[in-house]
Every structure is written in structure tokens, then in C-alpha cells.
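Colleague: Predicted coordinates and the sequence they were generated for:
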Amino acid sequence: MSHYIVGDIQGCLSELKLLLLQVDFNPQQDTLWIAGDLVARGPESLETLRFVKGLGSSVKVVLGNHDLHLLAVSLGVHKAKEKDKTIPILEAEDRDELLEWLRKQPLLAEHPEFVLSHAGIYPLWDLSTSRNAAKEIEEQLQGENWQELIRNMYANKPDTWDENLAGYERSRFIINAFTRMRYCYSDGRLDMDSKLPPEDVDKSVLIPWFELPERIELEKTAIFGHWAALMGLNSKEAIGLDTGCVWGNHMTMLRWEDKRYFHQAAL
């Protein structure tokens, strides 16, 4: 029994299937962990949702920013963009079933030795705070008023965590931390603008979240996707798996037991 972890799929289902063939994935024994952003920009977003949903209990998915945006588009909060290539989902006969399944996925998934989220773990949260924050959003997404959460999640503020935050300001910070975060300022404020690789920013101003000096050490490795410009990150504390398949690079999968990486070039 093995645990395989893959970065952003973004509708690149053919590459995912080739990776699963590479590792001889057996859904009866193995578990596939997906770091969010199942959909958008790639050619097979509808097929990806159907395939991943069909894996049942052998897959663990966390939500990414593109997944949440799809929910927003389905509600009419934003219009579908042609470049996202998600219109086939919205027009599919099983649309409601797929979207219902998607909104019931978590923001955080845990293994005894690692935690998985789309963008990472906010550096000033310990593991207990991270769990509780994720649970807050998951309960709202799975509740009767989930549409209001989606309608109120779009903004870059607040950018500072405060345990006394309440309402949609609190929810918005948590969502941004789990699904959009890349850089922080030295005081822990989130920067929601830069997508550049760390070598191209002024580190006296912007610090990758996993390098913040005041970062609280977790008991587990934090594994994430989201940040294609990193083209992978491998350290004891944090592992980044988004290597930009949808942008013509490759898809990366990690087998946790022996820490072996597998790669599939974009087709």
C-alpha cells in the first residue's frame, strides 16, 4: 500500500493517467492525494472531475482557488472565462452531482506524517489552529448557506490573522491562506499579488511563506501545490509539487514511502 501525492492537475487528465500507469497505481490498495486545482486552463476539466470522483475512497482531495472559483461561476458570481475551459462542466448533465461533490472536499487533509493543502500552511498557525481554521470553512461549504460564503470570499483583505476576526472577514482570510498564499511580509501579512519565483523578488520585502523566520514549526511536513513558479520544492518542512504541467512543463507525483518523484511531461 502506497500513498501518492500529485500537484495541480488543472484539467490535465491525460498526464495524470500516465503518471498513475508509471507507478502502477492500484485503487484497491493505494491512495492518491491531490493538492487542489483539479480544474481550469487544461483541456479535460470535466473528465478530471468525473475521474477523480470515481476513485471514491482511494483518493483524497483538497480544494484549490480554481476549484472554489468554479463554484462561484456556477452561482453566477463571476462569468465563465473561455481560457478556464470549464464551460463543459457547467453544461454537463451531471453538473450538479459533480459540483456537490466538489464543495464537500476539505481545505486540509492529513496523513500521520504530512499535511496537504493547496497553497500551504499559514506560517503563524500551528497545526491545531490550521485544523480548526480548515474545519470552519469546510463546515460552511457543506452547510445550507454555502452560497453566501462563495459570494463573499473575493477580496485581499484582511491580510493579517487575528483570532478575533469574525464573519466573512475571518472566512476570507482562511480561504486566502489555504488557497492563494505565496508570499508574506516580515510581519506575517499576506501578499496576494506576486506570483514570481523567489529569486525574482526583494526578500527584504516579500518572504515565501515557508521561509518566514517566525514560522511556527509543525509536527508534520507541509505539502502543497499552487505555486508553479517554484517548479518544485523539497525540504524537510515543506514540499511543493506544482510544476506547471498546464503551462507546458510537467506534472509531478511523490510516493511518500520512499520519497521517490515521478514526472510526466505535458502532452
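Modeller: Sure, I can see it.
Colleague: drop to CA atoms for contacts and neighbour counts, all remaining ones
Modeller: Noted.
Colleague: for the stretch 101-250 of the chain, what spans make up the helices?
Modeller: Assigned by DSSP state H, counting those that start in this stretch, the helices in the stretch 101-250 of the chain fall at 127-141, 146-151, 167-179.
Colleague: okay, those in JSON lines with distance to residue 99 next?
Modeller: Shown next, in JSON lines, are these (distance: least, C-alpha to C-alpha, whole Å):
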{"stretch": "helix 127-141", "distance to residue 99": "11"}
{"stretch": "helix 146-151", "distance to residue 99": "12"}
{"stretch": "helix 167-179", "distance to residue 99": "18"}
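Colleague: Of all those helices, which one is nearest residue 224?
Modeller: Distance to residue 224, taken as C-alpha to C-alpha, is lowest for helix 167-179 among these, at 9.4 Å.
Colleague: Identify the residues contacting that closest one?
Modeller: 63-65, 107, 117-122, 133-134, 136-137, 149, 152-161, 190, 226 (C-alpha atoms under 8 Å, 6 or more residues apart in numbering).
Colleague: Identify the spatial nearest neighbour of residue 63, chain neighbours not counted.
Modeller: Closest residue to residue 63 apart from its sequence neighbours, by C-alpha to C-alpha, 6 or more residues apart in numbering: residue 36 at 4.7 Å.
Colleague: Tell me which strands the least confident helix or strand in the chain by mean pLDDT pairs with, and in which orientation.
Modeller: In the chain, no helix or strand scores lower on mean pLDDT, DSSP states H and E than strand 233-234, which sits at a mean of 87. Strand 233-234 pairs in its sheet with strand 238-240 (antiparallel), by DSSP bridges.
Colleague: Quick one: distance of the strand it pairs with to the chain centre.
Modeller: 12 Å (C-alpha atoms, centre = their mean, to the nearest Å).
Colleague: Dump the helices of the stretch 101-250 of the chain into JSON lines; add mean neighbour count and distance to residue 252 as well.
Modeller: JSON lines is the format used below for the helices of the stretch 101-250 of the chain (neighbours: other C-alpha atoms under 10 Å; distance: least, C-alpha to C-alpha, whole Å):
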{"stretch": "helix 127-141", "mean neighbour count": "17", "distance to residue 252": "25"}
{"stretch": "helix 146-151", "mean neighbour count": "17", "distance to residue 252": "30"}
{"stretch": "helix 167-179", "mean neighbour count": "22", "distance to residue 252": "19"}
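Colleague: Select, out of those helices, the one closest to residue 9.
Modeller: Closest to residue 9 of the helices of the stretch 101-250 of the chain, according to C-alpha to C-alpha: helix 167-179, at 14.6 Å.
Colleague: Can you check what angle separates the closest one from helix 127-141?
Modeller: Angle of helix 167-179 versus helix 127-141, following axes from the mean of the first three to the mean of the last three C-alpha atoms, to 10 degrees, is 120 degrees.
Colleague: if we can go back for a sec, just to be sure, which of the contacts of helix 167-179 are found in strands?
Modeller: Mapping the contacts of helix 167-179 onto strands (DSSP state E) picks out residue 190.
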